[in-house]
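K.L.:
quick one, fold the following:
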Amino acid sequence: MTMSFELSEPLADYGRAIREWSAARVRPYAREADTNHRPPDCWPAVLDSCPVAISRTDRRDVAPQPDFAEGKWVRDLVVTENLNYGDHWISTLTGNGIGHLVVQLMGTPEQVETWYRPIVDGGGVAAFGLTEPGFGSDTAMVSTTATRDGDTWVINGSKMYCTYGGVADYVVVFATTDKALGPSAIKAFVVPKGTPGMVVAKMNEDKMGIRSWITSELVFDECAVPVGNMLGYTGDDAEPARSASGETKTRSGRGGALGALAQNKPNISALGIAMAQASLDIAGELLHEQRLGFSPRRWSIIEDELTMMSATVQRARRMNWNAQWLMDQRRHNKTEASMAKAYGPPTFERIIRRSMQLLGPEGTSTELLLEKWYRDVKILDIFEGSGQVQRIIIGRALMGQDAGRG
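P.N.:
Numbers count the residues shown, from 1 in each chain. Sure thing, here's the model as predicted:
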C-alpha cells in the first residue's frame, strides 16, 4: 500500500472474496444470532464454505492467511471489515481476542513464548479482563486485588463485559497489588481457563447490541496463580522485563492495557465501517427501486446524501489504513489510532440512522437488518476506549502532554 492508501490488487481481491462470501453465507443468520444471543448452530459449515483462508478459533489445521505487501496489520484490517460485512456474529469465531497483545507488550521472552506464540500460531483465544462494575474507561480505578502469598499471587474481585472471558484459553486480568500506590500498582496476570477460584458468573451478558458476542462476567475468589504468571516478572523486582532484542518493556499493567487497546482501535472502527457500508448498500438499493415514487428534486437530495455518506465511510476507512500502515512500518501510531476510533463509530451511528430515516417506516422494520446494526454500532464508541477518551488523547498529542490536565 502506497501513501495514497490504495490497496494492492491481490489484497483488494482477497478482501472482495471475503465480503461476497460474508454477504451470501453469514448475513442470512444475522437475525437468528441476535435473537438467540449466540452464533447459529451451523457456524462450522459456514466457516468451511469460505473460499479463501481466514483465521479460525475452532480449528488449528486450516491454511494460514496469505501475506501481502501492505503488511499484517493492514491485512487484518481489511479482513475485519469485509468479514463483518455480512454480520458481526462471525467475529467471535475468527478472532483471537486481545489478551495476547498484552503478553507481547509486557511479557518476558519466556512468557511471550508460552502465552503469545501459541495464540498467533495456533489459533487460540486470549481474553482481556479490565472493565469492572465500578468503572469503564478510567483504567486507574481497578479494584480487583492481587496479593503475594509465597510463590503465588491470590486474585480477588470481578470483571464484566470480558470478551471471550468464558471460553478463552486464558484471561489477562488487571489487578492492583497495593491500592495505596494508585495506578503504578496495577499489574497484569495470566489466569488460564479452569484455574480454581475463577468463576464464570455469566457466560454472555444481556446487551442492547452485539448480543451474539460472548462478553462474560467473571468472579475471582481466592484465585491463585504462580508468581511467574505476572507479566513482566523476572524474579528481580529491580530488573524490568526485556524483549529478545534487549528492549525494555513496560512494567505498568495500565500501560500494557492501553497499549493493547491502541493496537486494536482501528479494528473496532473497521467493524463499524462494515455495518455502515452494509446499511448504505441496502438502503441505496431499495431507494433506487423506489426512485419513481420521488419527485426529481427529492431524488436529487437523496442521491446527494448517499454520496456524502459514502465519502464519509471512505474517509474513515483511510484513517484506519493510515493507523495500521504505521504499525506495519513499526512507527508510532497512538494518535492516529485514536483518531480512527474517535471519528469512526459515532459517524457510523449517524450514517445508519440516516439510512433508516431515508427508507421511512421500512427502515426500522425487523425485516431489514438496519435496526439491528444501529443497536450494534453504539457499543463501538464505548468499549476499548470511549470516544471521549480518544479525544483527550488526540488533544494532548496536539497541544502537549499537560493539556487538559488542570
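K.L.:
give me the three-state assignment for the closest residue to T152 other than its chain neighbours.
P.N.:
With C-beta to C-beta, 6 or more residues apart in numbering as the criterion, T152 has its nearest non-adjacent residue at 4.4 Å, and that residue is A224. Where C-beta positions appear, they are placed from N, C-alpha and C, glycine not excepted. Here A224 is recorded as strand under DSSP: H, G, I helix; E, B strand; the rest coil.
K.L.:
touching, A224 and D151? I think so.
P.N.:
No - here A224 does not reach D151: they are 9.5 Å apart, not a contact under C-beta atoms under 8 Å.
K.L.:
quick one, which of those two is more surrounded?
P.N.:
Neighbour count, other C-beta atoms under 10 Å: between A224 and D151, A224 has more, with 19 against 9.
K.L.:
quick check: bridge partners of that one?
P.N.:
V154 (DSSP bridges).
K.L.:
list the contacts for it?
P.N.:
D149, T152, W153, V154, I155, T195, P196, G197 (C-beta atoms under 8 Å, 6 or more residues apart in numbering).
K.L.:
likewise D178?
P.N.:
The contact partners of D178, by C-beta under 8 Å, 6+ apart, come to A185.
K.L.:
now it: phi and psi?
P.N.:
Backbone torsions of D178, given as degrees, to the nearest 10, read phi -170, psi 100.
K.L.:
with G150 instead?
P.N.:
Dihedral angles (degrees, to the nearest 10) for G150: phi 60, psi -120.
K.L.:
next: P361.
P.N.:
Per degrees, to the nearest 10, the backbone of P361 is at phi -50, psi -30.
K.L.:
now for it, how many residues are close by?
P.N.:
P361, neighbours per other C-beta under 10 Å, totals 7.
K.L.:
would you quantify the distance from it to E371?
P.N.:
In this view, P361 and E371 are 11 Å apart by C-beta to C-beta, to the nearest Å.
K.L.:
same check, this time on V377
P.N.:
From V377 to E371 the distance is 11 Å (C-beta to C-beta).
K.L.:
next one: W299
P.N.:
24 Å.
K.L.:
list the contacts of C223.
P.N.:
V154, I155, N156, V191, T195, P196, G197, M198.
K.L.:
pick the one among those closest to G97.
P.N.:
The shortest gap between G97 and any of the contacts of C223 belongs to V191, at 13.5 Å (C-beta to C-beta).
K.L.:
would you agree that closest one falls within a helix?
P.N.:
No - V191 is assigned strand when assessed by three-state DSSP, not a helix.
K.L.:
what number of residues lie near it?
P.N.:
V191 is flanked by 25 other residues according to other C-beta under 10 Å.
K.L.:
in the sheet, who's paired with it?
P.N.:
The partner residues for V191, given DSSP bridges, come to V171.
K.L.:
please export the C-alpha coordinates of stretch 196-208 as PDB.
P.N.:
This file holds the C-alpha atoms of stretch 196-208, laid out as PDB (Å, rounded to 0.1, in the frame of the first residue of the first chain):
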ATOM      1  CA  PRO A 196      -9.700 -22.800  40.700                       C
ATOM      2  CA  GLY A 197     -11.200 -19.600  42.000                       C
ATOM      3  CA  MET A 198     -12.000 -18.100  38.600                       C
ATOM      4  CA  VAL A 199     -15.800 -18.400  38.200                       C
ATOM      5  CA  VAL A 200     -17.800 -17.600  35.100                       C
ATOM      6  CA  ALA A 201     -20.700 -15.900  36.800                       C
ATOM      7  CA  LYS A 202     -22.400 -15.200  33.400                       C
ATOM      8  CA  MET A 203     -21.200 -16.600  30.100                       C
ATOM      9  CA  ASN A 204     -22.800 -13.900  28.000                       C
ATOM     10  CA  GLU A 205     -24.300 -10.800  29.500                       C
ATOM     11  CA  ASP A 206     -27.500  -9.300  28.200                       C
ATOM     12  CA  LYS A 207     -26.800  -6.300  25.900                       C
ATOM     13  CA  MET A 208     -28.600  -3.800  23.700                       C
END
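K.L.:
please report how far V102 lies from I186.
P.N.:
12 Å.
K.L.:
repeat for M198
P.N.:
Taken as C-beta to C-beta, the span from M198 to I186 is 19 Å.
K.L.:
with N322 instead?
P.N.:
31 Å.
K.L.:
those two - which one has more neighbours?
P.N.:
I186 (26 against 19).
K.L.:
please, where are all the strands along the protein?
P.N.:
For the chain, the strands defined by DSSP state E occupy 126-129, 145-149, 152-163, 170-176, 186-192, 198-202, 215-226.
K.L.:
from the contact counts, what lies against the shortest one?
P.N.:
This means strand 126-129. In terms of contacts (3 or more C-beta pairs under 8 Å, 6 or more residues apart in numbering; DSSP states H and E), strand 126-129 is packed against helix 99-106, strand 152-163, strand 170-176.
K.L.:
quick one: low-confidence ranges for the stretch 201-350 of the chain?
P.N.:
Along the stretch 201-350 of the chain, the model assigns pLDDT under 70 to residues 236-254.
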